[in-house]
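A.B. asks: Below are the sequence and a predicted model for it; my questions follow.
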Amino acid sequence: MSATGTLTATAPVSGAAEASLTPLFVRLKLSLLRNGLKGSSKRRAVWIGNLVFCLVVGLFAALGLAMLHGHAHAATAVVLLAALLALGWTFMPLFFPTGDETLDPSRLVMLPLRPRPLVRALLASSLVGIGPLFTLCLAVGSVVAVARGAAGAVAAVVAVPLLLLGCVALARAMATANVRLLSSRKGRDLALLSGLLIAVGGQAVNFGGQRLFQQGGLGELEPAAAVVRWLPPATAIGMVDSAGRGAYAEAAGQLLLTLAALAGLLWFWERSLTKLMVTPDGSTLVAAAPRKVRDGAGGVWSFLPAGRTGAVMQRTLRYTVRDPKTKAAWVTALAVGMIIPVFNALQGSGSVYLACFGAGMLGVQMYNQFGQDTSAFWMVAQTISGPRDAYEELRARAAALALVTVPYTALVTAVTAGLLGDWAGFPGGLGVSLAVVGAMLCTGALASAHYPYSIPSDGAFKNVAPGQAGLAWMGIFIGMFASAAICSPVIALAIWLNVADDLHGLRWILLPAGIAWGTLSTWAGLRLAAPRVARTLPEILTAVSKG
């Protein structure tokens, strides 16, 4: 029998069994929720707390939306809210892949189930949970805000389940199409980065809200709402508004769009489910391929220096890409380092010198270099026979960090200068930022040698082994104050050139001065740290192996 026919022809399920599949999955979901609360009182308290919080926030949100009834821009607000709600349901599974792993469809591969009844059963069971309950509250509040007359009330009754089903189907279709990703290391990386993305999104929404109400309120969003009301599943809310205004043809069109989009989602979900359940997992195919096929013939790594320096740089950069905690730290530094100067520039209170914040965020990644190796540091220690080898090891690690930090710092400074229209200050801002980078590399090398600590491999948010928190904080805080002191001559020069009116034309001097001072600082820090590393290799190995 062919692989394609396995799901549809093996052990066919009778019509009665298909009909009973949906209530069976709903009971299964309820049983899983109930049994999950029996194991731990802490888990039970957290779940009940989340449920209460969801109900309170959802009811108050529904009440607030209902109070918009009769407001001139009520339709604009609720249509855009429905679109944001659908967007959240679409992409949330990518960042919280373990939220409903008990109903992972790949666990059902060996069961004789047809795709269509399985889709119906999974859709019904997905409606059981805190997320659908919160969405239901927002949907009810949204339709109350725009429903007018008997036609609007009828449309509202239809719109609530359509919006809820559309959101849940979006989440399920996205999760099924990416289930291989979500169960892999990349999926866990996305989960680690979810908090950062939520924080960035919250800051963007906050900034957008401030700008919006400064420029005229919800009326500014009318053009966007006019487009979004025709994009499913927000069309369900648009249908209620159209029916309440008497635009019955428009409401019928939006209803047809909503139904067509829901049918298309279910069809796509069914196809993804069929492909998932009849296709073998190919995650090991690349690993089984010859090394030349996997790694390619050199690639970008061929541009790195030869010898120990290039090998260490490549290892450091590979750790950055592959290790979840290292990747999360780097992406956080890159994002926050860009957000602070850019958002301040957009608000009109920025400065090109705020690019130093991004340089400092990335410079912190130089701290505790050996802790990132954990117990595998013994292999690095075997290659260090004296201060010269230790210097080359630290220099290569600093070069790998500078390979990313220097162009990133230039980019942040250029974007900030462009937003502020202060291109005359660009050389000065970049020079001071590069001096900060050099100072952070200097103190980072010294902190790695004097205050190494272990980074536990378990726990997404546990970055210091028990008993070593003091070492971590001491190295970071002492290093940051020392970095400020090291680059103080360049900072003092920048202040002098900006304060003196007749010296503004000489601010370009800060660029070569910052480059020279940063390079000198890095060289000095590596030279001072190398003998310490060579003398204390056993102590460093012990310190970084406790996790």
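C.D. replies: That came through, no problem. Numbers count the residues shown, from 1 in each chain.

A.B. asks: List the buried residues for the helix or strand encompassing residue 395?
C.D. replies: Assessed by DSSP states H and E, residue 395 sits inside helix 387-420. For helix 387-420, burial by neighbour count (16 or more other CB atoms under 10 Å) applies to 387, 389-402, 404-406, 408-410, 412-417, 419-420. (Glycine included, C-beta is placed from N, CA and C.)

A.B. asks: after that helix comes which helix or strand?
C.D. replies: Criterion used, DSSP H and E; the element after helix 387-420 is helix 426-450.

A.B. asks: that older thread, just want the angle from the helix holding residue 395 to helix 426-450.
C.D. replies: Between helix 387-420 and helix 426-450, the angle comes out at 150 degrees (axes from the mean of the first three to the mean of the last three CA atoms, to 10 degrees).

A.B. asks: Helix 387-420 packs against which elements?
C.D. replies: helix 307-322, helix 324-346, helix 355-363, helix 426-450, helix 510-535 (3 or more CB pairs under 8 Å, 6 or more residues apart in numbering; DSSP states H and E).

A.B. asks: Swap in 10 Å and give it another go.
C.D. replies: helix 307-322, helix 324-346, helix 355-363, helix 377-381, helix 426-450, helix 510-535 (3 or more CB pairs under 10 Å, 6 or more residues apart in numbering; DSSP states H and E).

A.B. asks: can you list contacts of the helix or strand following the longest one?
C.D. replies: From helix 510-535 onward toward the C-terminus, using DSSP H and E, the following helix or strand is helix 537-544. The list of residues contacting helix 537-544 from outside it, by CB atoms under 10 Å, 6 or more residues apart in numbering, reads 368-378, 380-382, 384-385, 390, 448-455, 465, 468, 471, 532-533, 536.

A.B. asks: Mind checking the pLDDT average for stretch 348-360?
C.D. replies: Stretch 348-360 shows a mean pLDDT of 83.

A.B. asks: actually stretch 48-61, sorry about that
C.D. replies: Stretch 48-61 shows a mean pLDDT of 88.

A.B. asks: hang on, the earlier thing: hey, what's the angle from the helix holding residue 395 to helix 355-363? Just curious.
C.D. replies: Put simply, helix 387-420 runs at 150 degrees to helix 355-363, going by the same axes, to 10 degrees.

A.B. asks: follow-up on the earlier one: pull out the buried residues from the contacts of helix 537-544.
C.D. replies: 368-374, 377, 380-381, 384, 390, 448-455, 465, 468, 471, 532-533, 536.

A.B. asks: measure residue 111 to residue 541 for me?
C.D. replies: According to CB to CB, to the nearest Å, residue 111 stands 50 Å off from residue 541.

A.B. asks: now the helix or strand that contains residue 138, how far from the chain's geometric center?
C.D. replies: Using DSSP H and E, residue 138 maps to helix 130-146. Here helix 130-146 is found 26 Å from its chain centre; the criterion is CA atoms, centre = their mean, to the nearest Å.

A.B. asks: mind giving me the domain split of this structure?
C.D. replies: Per the record, the chain has its domains at 25-197+217-278, 303-544, by automatic domain parsing.

A.B. asks: returning to that earlier point: and the helix holding residue 138, average pLDDT?
C.D. replies: Taken as a whole, helix 130-146 has an average pLDDT of 91.

A.B. asks: Please identify the buried residues of that helix?
C.D. replies: Within helix 130-146, the residues scored as buried using 16+ other CB under 10 Å are 130-132, 134-146.

A.B. asks: Check those against residue 330 and report the nearest one.
C.D. replies: Nearest to residue 330, judged by CB to CB, of these is residue 131 at 30.5 Å.

A.B. asks: which stretch of helix or strand covers residue 249?
C.D. replies: Going by DSSP H and E, residue 249 is part of helix 248-278.

A.B. asks: Buried residues of that helix, list them for me.
C.D. replies: Buried residues in helix 248-278 (16+ other CB under 10 Å): 250-251, 253-255, 257-259, 261-262, 265-266, 269-270, 272-274, 276-278.

A.B. asks: and it, what's its mean pLDDT?
C.D. replies: 88.
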